[in-house]
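heads up, no residue letters with this:
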């Protein structure tokens with residue numbers, strides 16, 4: 001069966017740029033102390049708060065479901081973090097404090113800019129794109145869980161929620177492409193390391209894999225010709241073939257997310273980026289996401 005195509009005035013590159021520009025307004029919740037304190041108040045300490053809060057839209061799911069939908073975390077880490085979380089707090093309680101923490105954190109970081117007409121306009125555009133994505137939940141389980149949540153009322157929370165939906169919509173499509181290319185979660189991480197886009201120390205510290213597991217995944221990718229040959233214990237680098245594979249995956253990820261952004265068109269995407277860019281820059285600095 002041929003893949004479905006959606007006529008769109010928006011290019012794949014526009015979809016990528018728009019997602020990337022607005023993404024800090026969602027991603028800051030993973031760094032905000034307000035979120036950690038809120039989860040701790042429910043008895044969820046450490047990584048338990050992260051895994052529970054992001055998976056809660058799907059209900060009281062098992063650790064196995066989190067492993068499958070989050071994809072690149074070590075299963076041992078997920079099982080440890082998810083042990084007993086739903087005995088401590090219900091998904092509804094976790095979601096309530098997460099949204100509240102996101103709004104509180106953004107108000108702290110943005111100050112008076114939170115209540116401007118620019119934020120309201122950005123929220124309206126992002127919501128239109130997110131609602132378009134909600135018409136296409138097929139094959140996107142983590143996104144579909146988020147798509148079923150009620151919308152908040154204040155513009156800053158609307159903007160955060162809309163970008164959360166757009167992020168998970170894009171993410172689920174990306175995971176399908178990784179699987180289609182025969183990659184497991186750790187191999188995907190090693191490829192990401194090889195691009196140099198994120199510090200390897202951050203990736204290794206947050207995903208829970210052992211050094212031996214990391215080295216074995218790099219070895220498998222070298223065998224496929226996707227990493228340059230070299231010292232097995234040294235830094236990894238993409239081969240020409242690996243670079244082409246990564247580029248193809250990213251381009252296809254962009255194409256799969258276009259259906260959301262076509263709802264606001266190229267002009268709407270351009271306006272959304274213009275409105276969100278100064279907000280995102282402020283949040284990156286205030287949250288510590290930039291370094």
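Thanks, I have it. This structure is a prediction, so every number in the text was calculated from the model and none was measured. Residues are numbered from 1 along each chain as shown.

for residue 103, give me its contacts.
Taking C-beta atoms under 8 Å, 6 or more residues apart in numbering, we find residue 103 in contact with 152, 154, 156-157, 160. Where C-beta positions appear, they are placed from N, C-alpha and C, glycine not excepted.

what's the following helix or strand after the worst-scoring helix or strand of the chain on mean pLDDT?
When the helices and strands of the chain are scored by mean pLDDT, DSSP states H and E, helix 200-207 comes last with a mean of 86. Later in the chain than helix 200-207, the nearest helix or strand by DSSP states H and E is helix 211-223.

tilt between that following helix and helix 200-207?
Here the directions of helix 211-223 and helix 200-207 differ by 120 degrees (axes from the mean of the first three to the mean of the last three C-alpha atoms, to 10 degrees).

is it true that residue 227 touches residue 195?
No: using C-beta atoms under 8 Å, residue 227 is not in contact with residue 195, being 11.2 Å away.

looking at these two, which is more packed in?
Set side by side, residue 227 and residue 195 show more neighbours around residue 227, with 23 against 15, by other C-beta atoms under 10 Å.

now that one. Nearest residue, chain neighbours left out?
residue 221 (4.7 Å; C-beta to C-beta, 6 or more residues apart in numbering).

list the contacts for that neighbour?
By C-beta under 8 Å, 6+ apart, the neighbours of residue 221 are 187, 190-191, 227, 236, 242.

if you set the cut-off to 7 Å instead, what comes out?
Going by C-beta atoms under 7 Å, 6 or more residues apart in numbering, residue 221 touches 187, 190-191, 227.

from residue 208, how far out is it?
When distance is defined by C-beta to C-beta, to the nearest Å, residue 221 is 19 Å away from residue 208.

what about residue 139, distance to residue 160?
Applying C-beta to C-beta to residue 139 and residue 160 gives a distance of 25 Å.

between the two, which has more neighbouring residues?
residue 160 (24 against 12).

before we move on, which element is the more buried one in?
helix 155-180.

where in the stretch 1-150 of the chain is pLDDT low?
Within the stretch 1-150 of the chain, the set of residues satisfying pLDDT under 70 comprises 1-8.

hey, where'd the helices end up in it?
Assigned by DSSP state H, counting those that start in this stretch, the helices in the stretch 1-150 of the chain fall at 12-22, 24-27, 33-41, 47-55, 63-70, 75-82, 85-88, 91-110, 117-134, 141-147.

turn those into a markdown table, including distance to residue 280.
Shown next, in a markdown table, are the helices of the stretch 1-150 of the chain (distance: least, C-beta to C-beta, whole Å):
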| stretch | distance to residue 280 |
| --- | --- |
| helix 12-22 | 6 |
| helix 24-27 | 4 |
| helix 33-41 | 18 |
| helix 47-55 | 20 |
| helix 63-70 | 24 |
| helix 75-82 | 28 |
| helix 85-88 | 31 |
| helix 91-110 | 10 |
| helix 117-134 | 10 |
| helix 141-147 | 20 |
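
of these, which approaches residue 183 most closely?
Closest approach to residue 183 among the helices of the stretch 1-150 of the chain is made by helix 63-70 (14.2 Å; C-beta to C-beta).
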